[in-house]
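Novice: got a predicted structure plus its sequence, pasted below:
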Amino acid sequence: MTEDDNAFVLRLARDERDLRAAQRLRYRVFVQELGAEGPLVDHDRHLEADAFDPYFDHLLLIDTRRDAAHLDDVVGAYRLLPSDRVLPAGSAPGSGPGPGRFYSEGEYDLGALKATGRKLVELGRSCVHPSYRGGSAMLQLWNALAGYVLERDIEILFGAASFHGTDLAALAQPLSYLARHHLAPPELRVRALPPHATTMELVTPEALDRRAAMQGTPALIKAYLRLGGFVGEGAFVDHAFNTTDVCLVLDTARMSDKHRDFWIRKKGARV
């Protein structure tokens, strides 16, 4: 697909149709490409959904040249859950309009992040249509994400990011490199939960190969690292989704001046 920036629209999902279009894209990427499965995956309608979707904001990259009637116009998606929506003030877990917990709490102990008292946003289900990879699609999503974060005074971004597959031997280099060089400081260090947690330090320091590690690391994870992001302690092996997950944490206060300027320049973006 040739790129024409005038054909793209970036905005949050507005209605059920928009959400279904995002779920259609997620089905193509996570189910058809990566082999994911889940209790709410709808194979008949080609939708990848879960119980958390109604509570998230869904950031969409829309190509207006594609068929909206058949849910084919969303070519990039990110879902975002601000912390003030998880558990409204004065409500108990399981009550009120929020989901009561973050999606990531099924994989990680987020106690350290929640104890900061700072404004958080959970990121997840990031995906781009195969025809739009290698172009500006992901950058456009990141620009819109920066606007979202700045407009809401978000201080810490976090969320599970995935390596394809569950073969730890094949992922030993990148996981070990992340654990040794990008581990979150103790005050922000989330921890993978048993029984699917595994150590990330899978090779000795002498056997660590930075080039191999970087080649085996997905582009999205490398983008977070360039902005000053960290990973939590331990990986989570998600057999249902056919992935091995790490939890990324990005504290905007710890960014370098150069990278913070990137976010501030995007303050005019509104989604």
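Specialist: Received, thanks.
Novice: list the contacts for the closest residue to Ala240 other than its chain neighbours?
Specialist: Using C-beta to C-beta, 6 or more residues apart in numbering and skipping the chain neighbours, the partner closest in space to Ala240 is Glu37 (5.4 Å). Every residue, glycine included, has its C-beta placed from N, CA and C. The neighbours of Glu37, taking C-beta atoms under 8 Å, 6 or more residues apart in numbering as the test, are 31, 240-242.
Novice: just the ones in strands from those residues, please.
Specialist: Cross-referencing these against strands under DSSP state E gives no overlap.
Novice: which pair of these spans the longest distance?
Specialist: Val31 and Ala240 (11.1 Å; C-beta to C-beta).
Novice: neighbour count for those two, which is higher?
Specialist: Remark: of Val31 and Ala240, Val31 carries more neighbours, 20 against 12, as counted by other C-beta atoms under 10 Å.
Novice: identify the residues contacting that one.
Specialist: If you count contacts by C-beta under 8 Å, 6+ apart, Val31 has them with 37, 41, 43, 46, 48.
Novice: from Leu193, how far off is Leu168?
Specialist: Distance, Leu168 to Leu193, by C-beta to C-beta, to the nearest Å: 17 Å.
Novice: is the residue nearest to Ala240 in a helix, a strand, or coil?
Specialist: Following DSSP: H, G, I helix; E, B strand; the rest coil, Glu37 is assigned to coil.
Novice: all strands of the stretch 101-250 of the chain, in order?
Specialist: In the stretch 101-250 of the chain, the strands defined using DSSP state E, counting those that start in this stretch lie at 108-109, 120-128, 156-164, 191-192, 197-198, 230-231, 235-238, 243-251.
Novice: do you know which of those strands lies nearest Ala184?
Specialist: Closest to Ala184 of the strands of the stretch 101-250 of the chain is strand 230-231 (C-beta to C-beta; 3.6 Å).
Novice: touching the closest one from outside, list them.
Specialist: With C-beta under 8 Å, 6+ apart as the contact definition, strand 230-231 has outside contacts at 178-179, 182-185, 188-189, 200, 246-251.
Novice: next, give me the two most distant ones among those.
Specialist: Pairwise distances among the contacts of strand 230-231 were taken by C-beta to C-beta; the largest, 19.9 Å, belongs to Met200 and Asp251.
Novice: among the contacts of Glu37, which are in helices?
Specialist: Among those, the subset assigned to helices under DSSP state H is empty.
Novice: any chance of those in TSV with pLDDT as columns?
Specialist: Compiled in TSV, the contacts of Glu37 are given as follows (pLDDT from 0 to 100):
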residue	pLDDT
Val31	94
Ala240	88
Phe241	88
Asn242	90
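Novice: just put those residues in JSON lines and tack on distance to Phe52.
Specialist: Putting the contacts of Glu37 into JSON lines (distance: C-beta to C-beta, whole Å) gives the following:
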{"residue": "Val31", "distance to Phe52": "17"}
{"residue": "Ala240", "distance to Phe52": "15"}
{"residue": "Phe241", "distance to Phe52": "14"}
{"residue": "Asn242", "distance to Phe52": "19"}
